[in-house]
Each structure stands twice: as structure tokens, then as C-alpha cells.
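Colleague: sequence and computational prediction follow.
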Number of protein chains: 2
Amino acid sequence: MWDQSVDVLVIGSGFAGLSAAIEASKAGATTIIIDKMHVPGGNSAISGGLLSAAGSPLQEQSGIYDSVSLMVADMLAAGQHLNHPNLARIVAEHSVEALLWTIEELGVQYKDRLSHLGGHSVPRTYNTRTTSGAGIIRPMLACCRKMGIPIRLATYLERFITDPQGAVEGVVVREGYVFPNAESGTEKRIRARRAIILASGGFARDVAFRTIQNPMLSQDIQSTNHPGATAETLKAVLTIGGTPVHLSHIQLGPWSSRDEEGFGVGSMFSMLAGFPYGILVDVFTGKRFVNELADRRLLVDAMLMSGVESIAIVDQSGVREASTLDQCLKRGVVAKYDSIEALAEANHIPADSLQLTIRKYNSFVEKGVDEEYGKPISRDSAPITTPPFYSIRLISKVHYCMGGLLINEDAQVMHIQSQLPVGRLYAAGEITGGIHGASRLGGNSIVECIVFGRIAGQKAALETIRS
Amino acid sequence: MWDQSVDVLVIGSGFAGLSAAIEASKAGATTIIIDKMHVPGGNSAISGGLLSAAGSPLQEQSGIYDSVSLMVADMLAAGQHLNHPNLARIVAEHSVEALLWTIEELGVQYKDRLSHLGGHSVPRTYNTRTTSGAGIIRPMLACCRKMGIPIRLATYLERFITDPQGAVEGVVVREGYVFPNAESGTEKRIRARRAIILASGGFARDVAFRTIQNPMLSQDIQSTNHPGATAETLKAVLTIGGTPVHLSHIQLGPWSSRDEEGFGVGSMFSMLAGFPYGILVDVFTGKRFVNELADRRLLVDAMLMSGVESIAIVDQSGVREASTLDQCLKRGVVAKYDSIEALAEANHIPADSLQLTIRKYNSFVEKGVDEEYGKPISRDSAPITTPPFYSIRLISKVHYCMGGLLINEDAQVMHIQSQLPVGRLYAAGEITGGIHGASRLGGNSIVECIVFGRIAGQKAALETIRS
């Protein structure tokens, strides 16, 4: 009946899946990872490589007070208190441990400055030296290689096989699958003697499924995600009793460029320079319209609801941390100007109004208080006065699925009817739901993937072996 | 294998289930209704009996211009455009037909004045003479009796039996079930030769399931619903491939009384008198804080977010339509005062501030324009000047589940994986999701139940008979 057996089978090779596999293998379980795509790393590899942690070494060095409770409070405020607070707390509690694990066990290299991302009360976000999730995925892949954990690419999960008690016993996969052709490849049956861990990510690119949950997110709306961010695994789990939670809460990113496809290089320019050190302006009025460091939901609502055409503007002093700047300039995603007048003219912004907006904002920076929109002004902020000036034209793109499968604190998938765990089934990362409520904060996905990925791997390895 | 066979099996005996059964039976299908409770009518029977329709006879008599498009626009605005617009339009298009069906076929009696409920652009809501959903349920039950449609009470749907193609073939029920004891009763198998129609309602009283979707809605929050408003049927359908949509969008009603349990008699007093003809005031400040005719989500947000303690105040001229007034007074839900001073004193409201608030509001009524909160002032509104004055102390209670199963325009339950209908499975009413988006408007549930219940019954009767 089975073509192959393994102790722990991991579905997906992003942050959550690789973390889970490393822990399961370390605990002595034979482990295999499958991924439907022909390259590993999924959406994680193309992400910005931001990891938030409460009480980190860099915070201590910079004299920034932070705590688990403050991080949880920020998550709940952005999440409109739809978050499952016990799960949010686990992420925050293990955040520094996850960070240190990537440094000490995997050798991940981070920049030596924290970023202050929207919705966080304090700067608490690390960023990889490469300004990309690949800066974490590559060391994770190297670790898997060293540990002898095979990653079977182009291997699509077709369906689960459950035992008479409803526990998962194995899966039918299609080997040699060519995304997105459901008929491609050949069927194989893999048995999981201990457990299966789901880490197949979100569904931001699954237009059919996302429009069921939110009809506004039609195919006309771009996404930052890789093409494989589709919902097949999530759907398959729901048919064996997985509990859906918050599926209609789908996040758009407010920081992506109009002038390139996908996540691109512009998103990180906005996050590292434009939003913290610059201003967001409505092209039609030349005025600010929002706290640039509000959480993503508030920013996107402000952009979409009021019909503004938004552009971020920052000066030379504000682009210190913008490691993607050269690429942005080369690709025409960011434009550079000698003066505010030139920037205004090129972008058809009323110049007088823009000058006034900048003078006003600069006075807030000098006082350390944004009297208009309440943006937290960081101590290393400077007035926008130093040429050259940079601008990036923004558009909202579908970025992240807050919703997914309900898990418990041990990363077990909860059965919708019994309210008990589905036997031998774990999940971590974007396929799960409930941790972030109505809006996820920046840098909180990577840390969540690692925290719950590791928990899933550790717990899965402890399941008894099926005879 | 089967204890009984029937052409069409209907689960639930509220507005949707009874409408479906009547239509299926009329089309020649043998039909049985089951309901887990020991009384028929479910939540429908204790509802306020409000039915919204666009372009109705009473609107024509009153010279109120309305249209299907305006009703759909109102639904989408309240629903934050999460609504499935094709389904919302079907409700609006068939709304007058549904209304006339209840009058002409069932003999339902309505009051001769329309209500203007929150979020509707115009008065478009009929109300039964009895100010209760029982005013529709009783004629529906009489119709079923006349047509010989049996209603099996205390009969709990335990699970579905599907055929090898995934179509539903029948159910296992527990006869003699005593809610909520899952072990009670004895198992029987009922075969549905043509189809099964799900009309089992929402899950506002299912604290475990509603807190998964929204952790804030703990058992400390009251509900307007009957105890049977739980999620078992919804969960069972999800395990056979039903598609969940908008489950985390759960509505609280802003108009219920602090001084009684459940929906009570106060909710309709607020809807028919306090909100349209009176004002909502914060007890602490004596000031208005919201458009009293905003949709329920906006009202509840305004009440919860700003921590107001809200009370509705109306004068003698505003209680004309408040048919539950006597009961409210008798039960201490509404209090009556000779003067505004007395009302303020008894409720610990700053009297000067309240007087000022009322004077200001009265000036808006005289102008016909609410310059403060944009409440639509109806032509039959009068200034709040005529004693006695009435007040009702309000608290938000869990009222309605916008989310549920995805259906298509023929009321077929859609399979999450195939994106095709689940064979022989229909659904209507509160168990479905997507029609109302983030917020349902008042009076739109009854009309939806009848419109899609009838469609489900008609289509189910057309399924081929299983041999």
C-alpha cells in the first residue's frame, strides 16, 4: 500500500517547514520535506527577511525597552483583538529564542540596526544582511543538507489518508508535478509513522479562493507572493476536519511599488526608509493623510478608502538603511531628485502644498511629536532637508493571509467537531490562522514560522511510532 | 440500511426551512422537516418579524422611491463590500415577491407603516402585526400542516452519508434528542432520494465556536438568540467539503436592553421608536455619539470602542409604532418620566448637557438635517418635546452570524475543492455566508431566508430521484 515510509513528513519548505524538519530530525525522527514547486523556500525566500523580537540583544544595545507583554499588546491592537491571545503570547515569548537560534545554530547574519515597522510600539525588527528571506532560507537549507533531510521538490500533496480513528496516516502525492497542472506527475503514497506537519503557506495568489473570502481581491489586484501561494493543502485539511479561522482576513501591503511586479525591491525601500524616515503623501493634494507607521490594515484602509494616490518621499539622511536603494534606482522603482520642486513637478504634486507639508512634518521631527497623525518619531529621525530626495509610487498588493487552520499551543491542528487535536497532524506558519487577528505586523510572520515550526517539529518527533 | 426514505429532507424549521419545505412539497416532492429542538421555529420565532423589500406596495403608497440597486448598495456599504454581490442582488430582486408570497399565500399580516432601520437609505422594512417572527412562522407552520409536511422535532442531525461521488445520500439522526445532550435519543437513518436542504441557522449561542472566530465574544457576552443557535450542522457540512466564508464576521445587536435577557421586548422598542425617533446618548456625558440609524456594526463599534454607556431616549410622539411599549414598561425594560430632568436624574445623566443635546437634535429635526452625525431624519419625525419621555438602557448582544456556507445562485452548497456544487445539497438562511459581508442590515435576514429557502425548495424538488 505504501511506496515509502518516514517518521515525520513536512509539507512545505519555507521558514516554518524547514524549522520543523530541522527540529524533528534533531530529535531523532527520520524526516522528509515535500514542496510542490521546483525550487525550495516558497514565499519565504522572496520575503524581506524581517524578524521581530521582544527584548533582543540589539534592543538592549540601543537602550530600547521592550517586553513580551508590549509585543502582545501591539499584536492585539493591530489585530483588532481577534487574535487568539494565548498563541500570540507564545510567539512573543519565544521570539528572542527564535532569533538567537537562527544566529547561533544556523549562522544567519543580520544588520546591526533595528527597524521600526508600522504598528510596533518600538523598533524591534531585525533584518537580514541580504535584506531578503533568502538570508535565512539558505542557511536553513544548508542545515537540512548537513543533517541529511531530503527535500522532494515538484511533489504535490494530493490528499490525506486517515486511519479509522481519524488520525492522519499518510498522504498521496504526485511526484514530478508541474505547477499548476493538477494532472501532472505520478501518484505515490508516503506513510508518516509519527506525524505530518503542514507548512504550506498562505493563499494570497489563489484568486478563486481569496475572492470567495473577499470579493474585492479580484485578479486585478496584484500580489507580493510567489505563484505557489495557493490554497490546495488548506482545503484538503478542512475536508478532514481542520477548523477554519479568520479566512476572510487577508492583508494587503501598503508599501509596494506601482512600477514593478510583486514584492520586488521597492517594498523594502518603503519599509526601511520611506515610511520610518519619510512621509506618505497624496499626489493630488501634496498632503500627508496617515501615520506612516500605522499597521498595514490602517494604512491600506487610508489609501483605498480615501482614494488617494500615495507616494513616499524621503531625503538622503533617511535612506541610510535602505539596502535595496541601488536596485530600486536601477529598475526605475525609486526616482531621485535634486530638489523638492523637481520631485513635485515630475510627480504632478502641487509644489506649494508639498513644501508646506514637509515644513510641518519637519517641525514635528524637531519636537519629536507628530501633532497631526501621531507617528512615533524615532530618535534617529532627521528633518527632510538633505538632497537628493527620493520618491516611490505606491500601490496596495495582496500580501498575507491572517486566516487558516486553528492550532493549539503544541501546534496541533484542532478538529472542528471534536475540539480535540486531529491525530498526528501539526501545522505552522501562514497556513495557520488566529495568531494575528485582523492584521499582522511586519516581521511577525518569520518569527511565528520559526517559533511554531520548531514546536511542531519537536512535538511531532515525540509521537509514538505506528507499527 | 435506511429506516426511512423521503424525496427532500429539510434540516431546520425556521423561515428558511419552512419556506424550502413548502416549495419542495408544492413541486410534488415528498418532504420531511427535522429540527433538533422540541419546539419548531428556531430563532425565527423569537425574532422581531422585520422584512425589508425594495419597491414594495407600502413604499409606493407612502411615495418612497426605492430600487433593487439601492437596496444592494445599502447591503454592500454596510457589508464593507465583502458581500458576494450576485447573491445580495438575488435577495433584493426577489424581496417584493417574497413579501407578497407571505401575504398572499400564507396570509401573514403586517402593520400598515414601514420602519426605517439603520443602514437602509429609505424606510423599506415591513413588520408583522405581532411585532414578532412568530407572525410569519405560525402561518408557515399552518401551511405545512395543510400540505401534510411532517415536522420531526427533537431530531438531531448527527452526520451525513455520502455516495461514492461525494453527493449526499442521507443522514444519521438521533430521534428523541434532548438538547444539548449529544448522547440522547436513538439513531435512525433517513434517505433523501432527491436532496437535502440545510436551514439550521447560525451559531450565535455556540460560545466555543464563536470564540474561535472572535475571542472577544466570550460567554460573558449575552446573545439575543435561542439556545439552539449552535454550529453542529455547519461543522458537519465543512467535513464533507462545504466552503466556509466570513465565519469571523459575527454581529452584535446595539438595541437590546440591559434589563432583560436575550432579544426580549426591548430590542423592538429601540428599533421602532428609540433609534428612528429618539436619540442615543452616553450616560456619562449626556451627549449623542453616533448616527442612530447607522448600520449595526458601526453602532456597536461606536458603543464598544468609545466605552460609552448608552441609553436611548424618546418622547411620546416617537412611540407611536412601538408596539412592545406596554410589555417594556411592565417588565421594567423601558422607564417613563414626566420630564427630561427626571429622566436625567434617574439615569445619572448630566441634566444640562442632556437638555442641550436634545435642543440641538430638535433643531436638526426641524431643519430635516442632522448636522452632527448625519442621521437621516424621516418626514414623520418630530422634535423631542412631548411628555412623557421614555428611556431604555442598552447593551450589545451577539445577534447574527454573517458567515457560513458558500452557496451559488441556485442555493447549492459549493465544494471547497472542486468549486462545483456538492451533489444534492442545498442551503438557505443563516447557515449560509457571504450575502451580508461584514454587517447585515435589519430586516434582511427574513427576506433572505424566504428568497433562498424558496429557491432551495424549488431546485431540490427538480433533482432526479435516486433509484
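Modeller: Yes, it's here.
Colleague: who in the stretch 351-467 of chain A is up against chain B?
Modeller: A:403, A:406, A:416, A:417, A:419, A:434 (CB under 8 Å from any CB of the partner chain). Glycine gets a C-beta too; all of them are placed from N, C-alpha and C.
Colleague: is it true that the fourth one touches residue A:242?
Modeller: No. The pair formed by residue A:417 and residue A:242 falls short of the contact definition of CB atoms under 8 Å, at 10.8 Å.
Colleague: what about these two, which has more around it?
Modeller: residue A:242 (29 against 15; other CB atoms under 10 Å in any protein chain shown).
Colleague: mind checking how far that one is from chain B?
Modeller: Residue A:242 sits 9 Å away from chain B, going by CB to the nearest CB, to the nearest Å.
Colleague: now that residue. Nearest residue, chain neighbours left out?
Modeller: Spatial nearest neighbour of residue A:242, excluding adjacent residues (CB to CB, 6 or more residues apart in numbering or on different chains): residue A:405 at 4.8 Å.
Colleague: just give me the neighbour total for the one you found.
Modeller: Neighbours of residue A:405 using other CB under 10 Å come to 25.
Colleague: how about stretch A:301-314 against chain B, any contact?
Modeller: No. Applying CB under 8 Å from any CB, one finds stretch A:301-314 separated from chain B by no less than 9.9 Å.
Colleague: what mean pLDDT does that stretch have?
Modeller: For stretch A:301-314, the mean pLDDT works out to 89.
Colleague: in chain A, which helix or strand is least confident?
Modeller: Within chain A, no helix or strand scores below helix A:296-305, which has a mean of 88 by mean pLDDT, DSSP states H and E.
Colleague: other SSEs contacting it?
Modeller: Judged by 3 or more CB pairs under 8 Å, 6 or more residues apart in numbering or on different chains; DSSP states H and E, helix A:296-305 is in contact with strand A:250-257, strand A:389-401.
Colleague: residue contacts, residue A:107?
Modeller: residue A:139 (CB atoms under 8 Å, 6 or more residues apart in numbering or on different chains).
Colleague: checking it next. Helix, strand or coil?
Modeller: coil (DSSP: H, G, I helix; E, B strand; the rest coil).
Colleague: so how far is residue A:136 from it?
Modeller: Here the criterion is CB to CB, to the nearest Å. By it, residue A:107 lies 10 Å from residue A:136.
Colleague: repeat for residue A:437
Modeller: Counting by CB to CB, the gap from residue A:437 to residue A:136 is 25 Å.
Colleague: got the domain boundaries for chain A?
Modeller: Using automatic domain parsing, the domain parsing of chain A gives A:4-204+A:402-461, A:253-398.
Colleague: can you give me the helices in the stretch 1-150 of chain A?
Modeller: With DSSP state H, counting those that start in this stretch as the criterion, the stretch 1-150 of chain A has helices at A:15-26, A:42-45, A:57-61, A:68-78, A:85-93, A:95-104, A:134-147.
Colleague: in JSON lines, list those along with mean pLDDT.
Modeller: Shown next, in JSON lines, are the helices of the stretch 1-150 of chain A (pLDDT from 0 to 100):
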{"stretch": "helix A:15-26", "mean pLDDT": "98"}
{"stretch": "helix A:42-45", "mean pLDDT": "97"}
{"stretch": "helix A:57-61", "mean pLDDT": "98"}
{"stretch": "helix A:68-78", "mean pLDDT": "97"}
{"stretch": "helix A:85-93", "mean pLDDT": "98"}
{"stretch": "helix A:95-104", "mean pLDDT": "98"}
{"stretch": "helix A:134-147", "mean pLDDT": "98"}
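Colleague: up against chain B, what does the stretch 151-300 of chain A have?
Modeller: A:208, A:212-216, A:232, A:235-236, A:238-241, A:243-249.
Colleague: can I have the buried ones of the residues you listed as a ChimeraX selection?
Modeller: The buried residues among those can be selected in ChimeraX (16 or more other CB atoms under 10 Å in any protein chain shown) with this line:
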select /A:212,213,214,215,216,232,235,236,238,239,240,241,243,244,245,246,247,248,249
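Colleague: tell me which of the helices of the stretch 1-150 of chain A sits nearest to chain B.
Modeller: helix A:85-93 (6.7 Å; CB to the nearest CB).
Colleague: what angle separates that closest one from helix A:68-78?
Modeller: 130 degrees (axes from the mean of the first three to the mean of the last three CA atoms, to 10 degrees).
Colleague: what lies in contact with helix A:85-93?
Modeller: A:54, A:68-69, A:71-72, A:75-76, A:79, A:407, A:409, A:434-437, A:444, A:447-448, A:451-452, A:455, B:215.
Colleague: buried ones among these?
Modeller: A:54, A:68, A:71-72, A:75-76, A:79, A:407, A:434-437, A:444, A:447-448, A:451-452, A:455, B:215.
Colleague: on that earlier part again, looking at the helices and strands packed on helix A:296-305, which is buried most?
Modeller: Using mean count of other CB atoms under 10 Å in any protein chain shown, the stretch among these with the greatest mean number of neighbours is strand A:250-257 (a mean of 27).
Colleague: helix or strand right after that strand?
Modeller: Going down the chain from strand A:250-257, the next helix or strand is helix A:266-269, by DSSP states H and E.
Colleague: quick one: distance of the next helix or strand along the chain from that following helix to the chain centre.
Modeller: Going down the chain from helix A:266-269, the next helix or strand is helix A:275-277, by DSSP H and E. The chain centre lies 19 Å from the centre of helix A:275-277; the measure is CA atoms, centre = their mean, to the nearest Å.
Colleague: quick one: buried residues of helix A:275-277?
Modeller: A:275, A:276, A:277.
Colleague: isn't the second one right up against residue A:381?
Modeller: It stands for residue A:276. Yes. Residue A:276 lies in contact with residue A:381 (CB under 8 Å); the separation is 7.5 Å.
Colleague: overlap of the contact sets of the two?
Modeller: residue A:318.
Colleague: and the closest residue to residue A:76 other than its chain neighbours, what does it touch?
Modeller: Excluding the flanking residues, the one nearest residue A:76 by CB to CB, 6+ apart is residue A:83, at 5.3 Å. Going by CB under 8 Å, 6+ apart, residue A:83 touches A:75, A:76, A:434, A:435, A:436, A:437, B:215.
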